[in-house]
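Student: any chance you could fold what I've pasted below:
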Amino acid sequence: MSALALRRGRTRVAATLAVVGPGVIAASAGNDAGGIVTYAAAGAEFGTRALFLMTLLTVVLLVVQDMAARIGAHGGDGLLALVREELPLPWVVLALAGLVVANGGLVVSELAGVGAALELVGVPRVVTVPVAAVGVVAVVLVGSYRAAEKLLLVMAVPLLAYVVAAVMARPHWGRVAVDALVPSGFGSRPFLVMALALVGTTITPYMALFQTAGVAERRRGQDRVRGLRVDAATGAVLGSVVAAAVIIATAASAGRGAPLASVAQAADALRPAVGVSATMLFAIGLLGASLLAAVVVPLSTAYAVAEVAGHERSLGRRLRDAPLFTAVFVVQVVVGAAIALLPVDLVTLMVGVQVVNGVLAPVFLVFLLVLSSRRRVVGGAVNGPAFRALATGCVVVVGGPALVLAVLSLVGR
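Tutor: Just a heads-up that it's a prediction; the model follows:
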């Protein structure tokens, strides 16, 4: 390779790394503590059959992240601020109420996830949860958006432990490929409930909120829209790879067709194939996932509440300049930490919250679709006919499990 070609290659890599930020953080945060446990539960109970749904959800995630990036870049504001301007107020209030409830449960599960991760290696949660809560608040109250963004990107790195675990589990890759491309098992109610949880943890409303707000914050710099879309796509692919890795590793190791009862059981499920490093790998990934989402989830709620109220919202602002934004963030973390110290059934809590998110996800996806189809919001980056058709199909995919379960409940099945 010539010196000129090498320099050009390095320039492309540097340019890509320069725009990596909100998209990668949002998608990585989607693989939070609840997400990891939900993916592990899906792999343990249903094996790699869940991978076909993950293939569909990867496409949906690419579409969601792309729309959020364009809305943030061109709209110059957060998602719910734009929704408030463009749509009837009752829809905004309903979405905000659902988001606050769902995110409140998620904050508890993230901080409980920190405690559970370190309990796997012998550190009690009564120590780790308060320390994690203080650290999370410090990340947001001290420094600028850019500084926080860099730290959050570093916190996403431990998620790669699950990719290592999937390779070490030595699954039957032919079966993995078939299950990723061919649907099976969708007829049972338990699978539909798990499908709804997978939708909720993969297409999480807070991801779109953080992505839009993060891009809007970055807009104060000179990032190009094309670079932001690259960041969005990179995050979507990496997030889906980690999710699939958790399912593959757990399916290859557990393979017993039974639900998970605890986080420790999820780690133990990897032991037959991964060996003595199973607990450490699972703990590292869970800790990184929990800490990352413990920052992003309450941030997304703070952005949303301040956006709807029309108040200042930005990382790096002084407390007196953004009191509502700061107060919402801090209260969530403090209350979440207090509840996380209680003896809660962590697996049930995490999967249950993902089910709630699965119900909210199609609503926020419709918001994204409507806003990114309006030229006065996104200018020349408006959705084309083909993209609108694809995004509409994504709404059907995301809303499908909730609709089918609702019908089954009505007919008493």
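Student: just the helices in the stretch 1-150 of the chain please.
Tutor: 3-19, 22-30, 33-46, 51-70, 79-86, 89-119, 125-141, 145-156 (DSSP state H, counting those that start in this stretch).
Student: would you reformat these as JSON lines and include mean pLDDT and distance to Leu209?
Tutor: Just so you know, the C-beta spots here come from the backbone N, C-alpha and C atoms, and that holds for glycine as well. Below are the helices of the stretch 1-150 of the chain laid out as JSON lines (pLDDT from 0 to 100; distance: least, CB to CB, whole Å):
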{"stretch": "helix 3-19", "mean pLDDT": "45", "distance to Leu209": "20"}
{"stretch": "helix 22-30", "mean pLDDT": "69", "distance to Leu209": "9"}
{"stretch": "helix 33-46", "mean pLDDT": "81", "distance to Leu209": "16"}
{"stretch": "helix 51-70", "mean pLDDT": "88", "distance to Leu209": "8"}
{"stretch": "helix 79-86", "mean pLDDT": "82", "distance to Leu209": "5"}
{"stretch": "helix 89-119", "mean pLDDT": "83", "distance to Leu209": "8"}
{"stretch": "helix 125-141", "mean pLDDT": "86", "distance to Leu209": "15"}
{"stretch": "helix 145-156", "mean pLDDT": "64", "distance to Leu209": "15"}
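Student: how far does the strand or helix carrying Val378 sit from the chain's center?
Tutor: Secondary structure from DSSP states H and E places Val378 in helix 375-378. On the basis of CA atoms, centre = their mean, to the nearest Å, helix 375-378 sits 26 Å off its chain's mean C-alpha point.
Student: got a list of contacts for it?
Tutor: Helix 375-378 is contacted from outside by 70-71, 74-75, 82, 86, 371-372, 382, using CB atoms under 8 Å, 6 or more residues apart in numbering.
Student: just flag the most distant two among those residues.
Tutor: Greatest spatial distance in the contacts of helix 375-378: Arg70 and Glu86, 14.7 Å, computed using CB to CB.
Student: with neighbour numbers in mind, choose between those two.
Tutor: Per other CB atoms under 10 Å, whichever of Arg70 and Glu86 has more neighbours is Arg70, with 26 against 16.
Student: what distance do you get for the residue lying closest to the more buried one once chain neighbours are set aside to Ile71?
Tutor: Nearest residue to Arg70 in three dimensions, chain neighbours excluded: Ala381, at 4.5 Å (CB to CB, 6 or more residues apart in numbering). Shown here: Ala381 relative to Ile71, a distance of 9 Å by CB to CB, to the nearest Å.
Student: and for Ala166?
Tutor: With the distance defined as CB to CB, Ala166 ends up 34 Å from Ile71.
Student: can you check Val64 too?
Tutor: 11 Å.
Student: and for the two, which residues touch both?
Tutor: Leu368.
Student: list the buried residues in the helix or strand where Ala386 lies.
Tutor: Following DSSP H and E, one finds Ala386 within helix 385-410. Applying a neighbour-count criterion of 16 or more other CB atoms under 10 Å, one finds 387, 391, 394-395, 397-402, 405 buried in helix 385-410.
Student: tell me the one of these nearest Thr55?
Tutor: Val397 (10.6 Å).
Student: quick check: closest non-adjacent residue to that closest one.
Tutor: According to CB to CB, 6+ apart, the nearest residue to Val397 is Leu56 (5.3 Å).
Student: just Asp77 next, same as before
Tutor: Ala216 is the one closest to Asp77 (CB to CB, 6+ apart), at 5.7 Å.
Student: ok now the stretch of helix or strand that neighbour belongs to, how far from the chain's centre?
Tutor: Using DSSP H and E, Ala216 maps to helix 205-218. In terms of CA atoms, centre = their mean, the centre of helix 205-218 is set 12 Å apart from its chain centre.
Student: give me the mean pLDDT for it.
Tutor: Computed over helix 205-218, the mean pLDDT rounds to 75.
Student: if you count contacts, what does that helix end up packed against?
Tutor: Packing partners of helix 205-218 (3 or more CB pairs under 8 Å, 6 or more residues apart in numbering; DSSP states H and E): helix 22-30, helix 51-70, helix 79-86, helix 89-119, helix 145-156, helix 225-253, helix 278-309, helix 346-372.
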